[in-house]
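J.: Sharing a sequence plus its predicted fold:
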Amino acid sequence: MESTKPWLHKIRASESFVVIVVTIAIFTDVFIYGMVVPIIPVALVERVGAREEDAQYWVSVLLAVYGATLLIGSPLFGWFADHSRYRKLPFVIGLLALGASTLLFIVARSMVLLIIARGLQGFSAAGVWVVGLAIVVDNVPPERVGEAMGQTTIGMTWGFLLGPTIGGIMYERLGFYGTFMIPVALIALDVILRFAIIEVPRTAQNSGPTFNSQAIDSQADAYNTIIRPESQSPQARNTCTGIEQHCDEQTSLLRSSTPCARPPRLGKQKHATIFSLLKSPRLPLACMATIVMAVITAALETTIPLYVMETFGWSSGGAGLIFVASSIPSFAGVLIGRFIDRIGVRIPAALAFSASACAWILMRLVNKNTTADIILLTALLFILGLAVVTVEVTAMTEASQVVGDYEIENPGAFGEKSPVAQTYALFNMAFAGGQLLGPILAGAMRVRAGWAAMTLVLGVLCAVTAVPIGLFSGAWPKRVEVEAERDG
């Protein structure tokens with residue numbers, strides 16, 4: 001009945017709208033996260049009363065707290081999302097944590113409140129990334145998941161690009177309180193959009209995680225081999241026809257091929273779990289790549305603002321603007337995603353880590369306040385930004401492919417609760433581990449061993465990571481192989 005459908009139902013339940021909402025949610029989270037990066041070193045001294053010589057230490061502590069709560073919140077949101085009737089509920093809970101975090105940043109005049117605010121921000125990020133990416137996978141066909149993940153990096157790009165830049169400039173022009181006008185407006189928009197999503201109950205979808213038409217076709221073929229229509233009674237055939245008709249209606253609504261009812265299986269079958277996916281090297285390697293990528297990102301955020309202030313004599317505005325160089329390459333996320341959908345993740349990921357290794361090692365040459373050094377730093381940050389977005393898209397795509405490919409090889413292995421959100425929880429936990437380790441590693445090395453030693457160690461870390469990624473990470477997606485076999 002068309003009249004009973006919610007307002008703008010077709011748009012609000014569409015694939016495009018879901019991707020847009022998740023992208024804006026990621027943008028809001030990353031923008032607010034990045035906005036405080038150039039502000040914190042100054043706010044620590046002026047508002048909290050920390051000593052200037054201790055600023056690097058407290059910046060590292062706050063970033064580590066963010067990583068710790070992201071690490072704790074990711075499995076909680078993953079389990080909650082996979083066992084909820086609606087994924088939108090944990091998605092909104094993450095938004096509430098972001099609002100509370102922003103409020104605490106505004107009123108904080110003690111180190112304790114700043115730590116709590118940064119912790120809530122990490123908890124919010126867990127909800128955005130784990131639940132948001134799971135919602136994308138639910139609503140996007142598998143052959144376009146890489147492209148969709150690339151589209152979400154646009155939100156991340158603008159967040160990293162505008163967050164530090166606008167944060168630093170607004171802090172200088174409008175003061176501390178004026179800086180938070182834009183975050184408050186973004187949170188208000190995010191509230192409207194997250195509630196606007198129309199999500200079909202998980203039970204109606206039979207908790208199907210992905211648009212895995214090949215897996216469904218293989219299940220149907222296997223089922224028809226055991227029980228053929230000609231061997232069924234008229235009543236049984238009528239029942240199956242009714243189920244198929246109902247599934248077709250659900251498929252049209254969801255724009256997916258996820259069945260509303262699975263064919264019955266003979267005997268008892270023990271369902272696979274998230275731990276079954278870890279037996280293959282693909283998911284552990286994706287997590288390892290994510291950890292190193294997060295270490296790179298956190299190291300940049302921890303050391304670059306203070307380093308350019310000290311080396312080039314820049315203000316917080318200049319420290320924010322330098323991140324433009326590392327954010328611009330993320331606009332290529334969609335193209336990278338399409339490329340990965342065609343050839344797999346192995347080559348792009350290995351090249352990204354190799355380029356990161358060269359960039360970090362060369363960054364030790366930036367040590368004087370000269371135009372040449374500024375240009376060199378800008379170019380190296382651009383390379384690192386391109387490498388980071390490539391690794392992010394490959395890791396996010398690999399996480400979704402691991403679940404879908406396992407179901408192709410083992411039809412019905414997960415029963416009615418596929419662990420797609422828990423898989424992204426592992427991805428997020430890996431990122432959180434890097435966010436926790438990165439500030440500690442980079443901050444401590446820069447203080448105790450110096451800038452040159454820090455950049456050398458991070459370069460070697462990237463070079464070492466490129467080896468197993470290039471040798472053992474996922475090759476061509478199983479879906480491509482299945483399609484090739486069927487078309488042949």
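T.: Yep, it's here.
J.: Just give me how far the longest helix seen in the chain sits from the chain centre.
T.: Counting residues, the longest helix in the chain under DSSP state H turns out to be helix 371-409. With C-alpha atoms, centre = their mean, to the nearest Å as the basis, helix 371-409 stands 11 Å off its chain's centre.
J.: list the buried ones in it?
T.: Within helix 371-409, the residues scored as buried using 16 or more other C-beta atoms under 10 Å are 374, 377, 380-408. Bear in mind the C-beta positions are built from the backbone N, C-alpha and C, glycine included.
J.: do the same with stretch 86-94
T.: Across stretch 86-94, burial judged by 16+ other C-beta under 10 Å covers Arg87, Lys88, Pro90, Phe91, Val92, Ile93, Gly94.
J.: Now render these as TSV, adding pLDDT, secondary structure and distance to Val460.
T.: Shown next, in TSV, are those (pLDDT from 0 to 100; DSSP: H, G, I helix; E, B strand; the rest coil; distance: C-beta to C-beta, whole Å):
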residue	pLDDT	secondary structure	distance to Val460
Arg87	78	coil	40
Lys88	77	helix	43
Pro90	85	helix	39
Phe91	84	helix	39
Val92	85	helix	43
Ile93	87	helix	40
Gly94	87	helix	36
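J.: closest to Asp138 among the residues you listed?
T.: Asp138 lies nearest to Arg87 out of the buried residues of stretch 86-94, by C-beta to C-beta, at 7.1 Å.
J.: that older thread, can you name the secondary structure element that comes next after the longest helix of the chain?
T.: helix 420-448 (DSSP states H and E).
J.: helices or strands next to that next one in the packing?
T.: helix 55-82, helix 111-126, helix 132-139, helix 274-277, helix 282-312, helix 371-409, helix 451-472 (3 or more C-beta pairs under 8 Å, 6 or more residues apart in numbering; DSSP states H and E).
J.: got the angle for it vs helix 132-139?
T.: Counting by axes from the mean of the first three to the mean of the last three C-alpha atoms, to 10 degrees, helix 420-448 points 150 degrees away from the direction of helix 132-139.
J.: re the thing from before, please identify the most buried of the helices and strands packed on helix 420-448.
T.: Most buried of the helices and strands packed on helix 420-448, by mean neighbour count (mean count of other C-beta atoms under 10 Å): helix 132-139, with a mean of 26.
J.: Please work out the angle formed by the directions of that helix and helix 55-82.
T.: Taking the same axes, to 10 degrees, one finds helix 132-139 and helix 55-82 inclined to each other by 30 degrees.
J.: Pull out the buried residues from the helix or strand following helix 132-139.
T.: From helix 132-139 onward toward the C-terminus, using DSSP H and E, the following helix or strand is helix 145-178. For helix 145-178, a neighbour-count test (16+ other C-beta under 10 Å) marks 145-172 as buried.
J.: and helix 145-178, what other elements does it pack with?
T.: When contacts are defined as 3+ C-beta pairs under 8 Å, 6+ apart, helix 145-178 packs onto helix 15-35, helix 132-139, helix 181-196, helix 316-321, helix 324-327, helix 333-343, helix 371-409.
J.: tell me how far that helix is from the chain's mean position?
T.: Chain-centre distance of helix 145-178: 15 Å, with C-alpha atoms, centre = their mean.
J.: State the mean pLDDT of it.
T.: Taken as a whole, helix 145-178 carries a mean pLDDT of 79.
J.: again, but for stretch 66-79
T.: Mean pLDDT, stretch 66-79: 85.
J.: Can you give the distance of that stretch from its chain's centre?
T.: With C-alpha atoms, centre = their mean as the basis, stretch 66-79 stands 13 Å off its chain's centre.
J.: Could you export that stretch as PDB, CA atoms only?
T.: Only the C-alpha atoms of stretch 66-79 are listed here, as PDB (Å, rounded to 0.1, in the frame of the first residue of the first chain):
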ATOM      1  CA  TYR A  66      41.100   7.900  21.600                       C
ATOM      2  CA  GLY A  67      42.700   4.700  20.300                       C
ATOM      3  CA  ALA A  68      41.900   2.800  23.500                       C
ATOM      4  CA  THR A  69      38.200   3.600  23.600                       C
ATOM      5  CA  LEU A  70      38.000   2.900  19.800                       C
ATOM      6  CA  LEU A  71      39.500  -0.500  20.600                       C
ATOM      7  CA  ILE A  72      37.000  -1.200  23.400                       C
ATOM      8  CA  GLY A  73      34.000   0.200  21.600                       C
ATOM      9  CA  SER A  74      34.500  -1.600  18.200                       C
ATOM     10  CA  PRO A  75      33.700  -5.200  19.300                       C
ATOM     11  CA  LEU A  76      30.800  -3.900  21.400                       C
ATOM     12  CA  PHE A  77      29.300  -2.100  18.400                       C
ATOM     13  CA  GLY A  78      30.000  -5.000  16.100                       C
ATOM     14  CA  TRP A  79      28.200  -7.500  18.300                       C
END
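J.: Touching, Arg48 and Val112? I think so.
T.: I think there's a mix-up here, since residue 48 is Val and not Arg. No - the pair Val48 / Val112 is not scored as a contact, 9.6 Å apart, by C-beta atoms under 8 Å.
J.: What sits closest to the spatially most central residue of the chain if chain neighbours are left out?
T.: In the chain, the centroid-proximal residue (C-alpha atoms, centre = their mean) is Trp129; its distance is 4.6 Å. Among residues not flanking Trp129 along the chain, Asn428 sits closest, at 5.0 Å (C-beta to C-beta, 6 or more residues apart in numbering).
J.: what's the burial count for the one you found?
T.: A count of nearby residues for Asn428, using other C-beta atoms under 10 Å, gives 31.
J.: What's the per-residue pLDDT of it here?
T.: With respect to pLDDT, Asn428 scores 77.
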